[in-house]
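Enquirer: Build the 3D model from these lines:
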Amino acid sequence: MINIFKKKKILVTHSGSFHSDDIFACATIELWLKSRGERAFVVRSRDESDFQSGDFVFDVGGIYDAEKNRFDHHQKGGAGTRDNGVPYASFGLVWKKYGSSLSGDKAVSDEIDKYLVQPIDAHDNGVDVYKRIDENLDPVTFQDIAGIFHPTEGSSPNDFDQAFREMVDLAKKILIRVIAQTKEQQSVNVYMR
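Expert: Next comes the predicted model:
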């Protein structure tokens, strides 16, 4: 039975504007904690003391240390690159540690990394993975959708926090569906062999 009085884990990311990598990093951690019967509280801040007190810190803080649940990629030299050249952003760093556990299978996790995680990480790091057929025609990415949800000029910091929360809730729904569909596809592929 889940202890409803269990202390919430503190998740810390940067305040202000948000990007698809911090949205999905947060969603992944929250889903992983929920799968373990734990709860989360998100702090959006640029205050070093908040970074120090967080149980999970992502996309801020200048440290990548998976053992200490520190998942930033903005430090000098970044936080590593995949074999195919796609650099890690915070979503990829979090997914690398928790994706297999959350999805229940390394093959499923690896497929989701290729399908969802890498394009988001690439975009956040300024790597274009889309081949354009017309220089005036761009794909609509999840980051574009996140940008649509950014509050308008003159909004309060609370408006940004509320919009971030809405995007994390959407990202959690997307992750749940992508995991379920990828598992289903993996089982069909195994059956067809």
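Enquirer: Using the three-state scheme, assign residue 187.
Expert: Per DSSP: H, G, I helix; E, B strand; the rest coil, the secondary structure class of residue 187 is helix.
Enquirer: burial count for it?
Expert: Using other Cβ atoms under 10 Å, residue 187 is surrounded by 12 other residues. Bear in mind the C-beta positions are built from the backbone N, C-alpha and C, glycine included.
Enquirer: do you know how far it is from residue 180?
Expert: Relative to residue 180, residue 187 is positioned 11 Å away (criterion: Cβ to Cβ, to the nearest Å).
Enquirer: Take stretch 83-102, keep the C-alpha atoms, and write them as PDB.
Expert: What follows is stretch 83-102, C-alpha atoms only, in PDB (Å, rounded to 0.1, in the frame of the first residue of the first chain):
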ATOM      1  CA  ASP A  83      27.100   7.200 -31.400                       C
ATOM      2  CA  ASN A  84      25.200   8.800 -34.300                       C
ATOM      3  CA  GLY A  85      26.300  12.300 -33.300                       C
ATOM      4  CA  VAL A  86      23.100  13.500 -31.600                       C
ATOM      5  CA  PRO A  87      24.100  15.400 -28.400                       C
ATOM      6  CA  TYR A  88      22.300  14.700 -25.200                       C
ATOM      7  CA  ALA A  89      19.900  17.300 -23.800                       C
ATOM      8  CA  SER A  90      18.100  16.900 -20.400                       C
ATOM      9  CA  PHE A  91      15.400  14.600 -21.700                       C
ATOM     10  CA  GLY A  92      17.900  12.200 -23.200                       C
ATOM     11  CA  LEU A  93      20.000  12.200 -20.000                       C
ATOM     12  CA  VAL A  94      17.000  11.400 -17.900                       C
ATOM     13  CA  TRP A  95      15.700   8.900 -20.400                       C
ATOM     14  CA  LYS A  96      19.100   7.200 -20.500                       C
ATOM     15  CA  LYS A  97      18.900   6.500 -16.700                       C
ATOM     16  CA  TYR A  98      15.100   5.900 -16.300                       C
ATOM     17  CA  GLY A  99      13.800   4.900 -19.700                       C
ATOM     18  CA  SER A 100      14.300   1.200 -19.500                       C
ATOM     19  CA  SER A 101      12.700   1.100 -16.000                       C
ATOM     20  CA  LEU A 102       9.800   3.300 -17.000                       C
END
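Enquirer: could you pull out the strands for the chain?
Expert: Assigned strands in the chain, in chain order: 9-13, 40-44, 56-58, 64-65, 70-71 (criterion: DSSP state E).
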